[in-house]
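Chemist: Kindly generate the corresponding structure for this input.
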Amino acid sequence: MQALTNTWVYLAQTPLLWLTITLIVYQLSVWLYQRLHSPAILNPIITSIVVLVSLLLVTGTPYDIYFEGAQFVHFLLGPATVALAVPLYRYHKQLIHMFVPVTGALIIGSTTGILSAVGIGWLFNLSPTTLLSLAPKSITTPIAMGVAERIGGLPSLTTVFVILTGIIGALLGQKWLTLLRVKSHSVRGFAMGLAAHGLGTAVAFQEDEEAGAFSGLAMGLNGAVTALLIPVIIKLIGL
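Modeler: Next up, the predicted model:
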């Protein structure tokens, strides 16, 4: 037993171990998701997060050790984000025709995301710092953390809100769009990216390439617009 423990301690210090585990867990999550006919609650990204966090807790592995291996995947987030422009280019003519509604939806969606988060927090009598941390919860994590820091929020708390927003959006977004009888892939994708950033975009790509392309567009634009709107809105509401 002691030999097994010592072996695990040694392997746990090896960056490639956690990189390998991450890839295996994700592939198994994809297999399970497809095998069970794609239930929203078993979205591969969400399942992978739950399994990996559980493994870290059970094995007592610090996040810093895990990230030494996972940083290779993290590095690929940059190229992957840029690569979202490739499928979007295939629909650039459609995007030109939809410029006005897309711009309107972007501004309304961004404003609603900020005000709804702050408004709900205010109803629960949360502290001003928590409200400021909530405000950028609908944009991708790196931008949200930067915005939170600049306006006086807590970046670490903002990260939690961003992840929760993405998970809830990934789980429920498509169901709500279906209930609302939204059939256009471009509209469904744009809504997912606008409300649930990266996780929503991943789910949108699983549905359709067009949906994924417009979701990636919404995620990027919403990050920029929200960063501009938040300082103005919090000043107007007196935070």
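Chemist: Quick one: low-confidence residue ranges for this protein.
Modeler: The model of the chain has pLDDT under 70 over residues 1-15, 40, 74-75, 77-78, 80-81, 84.
Chemist: now do 50
Modeler: Residue ranges of the chain with pLDDT under 50: none are present.
Chemist: Run through the residues that contact residue 223.
Modeler: Residues in contact with residue 223 (C-beta atoms under 8 Å, 6 or more residues apart in numbering) are 139, 140, 143, 144, 197. For the C-beta atoms, the positions are set from N, CA and C on the backbone; glycine is no exception.
Chemist: what about burial for those, which qualify?
Modeler: By neighbour count, with 16 or more other C-beta atoms under 10 Å, the contacts of residue 223 hold 139, 140, 143, 144, 197 as buried.
Chemist: The nearest residue in space to the first one that is not next to it in sequence and residue 137: what is the separation?
Modeler: Spelled out, it's residue 139. Leaving aside its chain neighbours, residue 139 sits nearest to residue 223 (4.4 Å; criterion: C-beta to C-beta, 6 or more residues apart in numbering). According to C-beta to C-beta, to the nearest Å, residue 223 and residue 137 sit 12 Å apart.
Chemist: again, but for residue 193
Modeler: As judged by C-beta to C-beta, residue 193 and residue 137 stand 15 Å apart.
Chemist: again with residue 211
Modeler: Between residue 211 and residue 137 the distance is 22 Å, computed by C-beta to C-beta.
Chemist: mind giving me the domain split of the protein?
Modeler: Using automatic domain parsing, the domain parsing of the chain gives 2-75, 85-236.
Chemist: Can you say which of these is packed in most?
Modeler: Of the domains of the chain, the one with the most neighbours on average (mean count of other C-beta atoms under 10 Å) is domain 85-236, at a mean of 19.
Chemist: what about it, how long is it end to end?
Modeler: Chord length of domain 85-236, first to last residue, is 35 Å (C-alpha to C-alpha, to the nearest Å).
Chemist: ok, which stretches of this protein are helices?
Modeler: If DSSP state H is used as the criterion, the helices of the chain fall at 2-12, 15-35, 44-59, 63-75, 77-83, 85-89, 92-97, 99-123, 128-134, 141-151, 155-179, 185-207, 209-236.
Chemist: contacting residues around the second one?
Modeler: Outside helix 15-35, the residues within contact range by C-beta under 8 Å, 6+ apart are 11-12, 39, 42-45, 47-48, 51-52, 55, 61, 65-66, 68-73.
Chemist: CA atoms only for that helix, dumped as CSV, please.
Modeler: Provided in CSV are the C-alpha atoms of helix 15-35 (Å, rounded to 0.1, in the frame of the first residue of the first chain):
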residue,chain,number,x,y,z
PRO,A,15,2.9,17.5,-15.6
LEU,A,16,2.2,15.0,-18.4
LEU,A,17,0.1,12.9,-16.1
TRP,A,18,-2.6,15.5,-15.6
LEU,A,19,-2.5,16.5,-19.2
THR,A,20,-3.1,12.8,-20.1
ILE,A,21,-5.8,12.4,-17.5
THR,A,22,-7.6,15.6,-18.8
LEU,A,23,-7.6,14.3,-22.4
ILE,A,24,-8.8,10.9,-21.3
VAL,A,25,-11.6,12.3,-19.1
TYR,A,26,-12.8,14.5,-21.9
GLN,A,27,-12.8,11.7,-24.5
LEU,A,28,-14.8,9.5,-22.1
SER,A,29,-17.2,12.3,-21.5
VAL,A,30,-17.8,12.8,-25.2
TRP,A,31,-18.3,9.0,-25.6
LEU,A,32,-20.8,9.0,-22.7
TYR,A,33,-22.6,12.1,-24.0
GLN,A,34,-23.1,10.5,-27.5
ARG,A,35,-23.9,7.1,-26.1
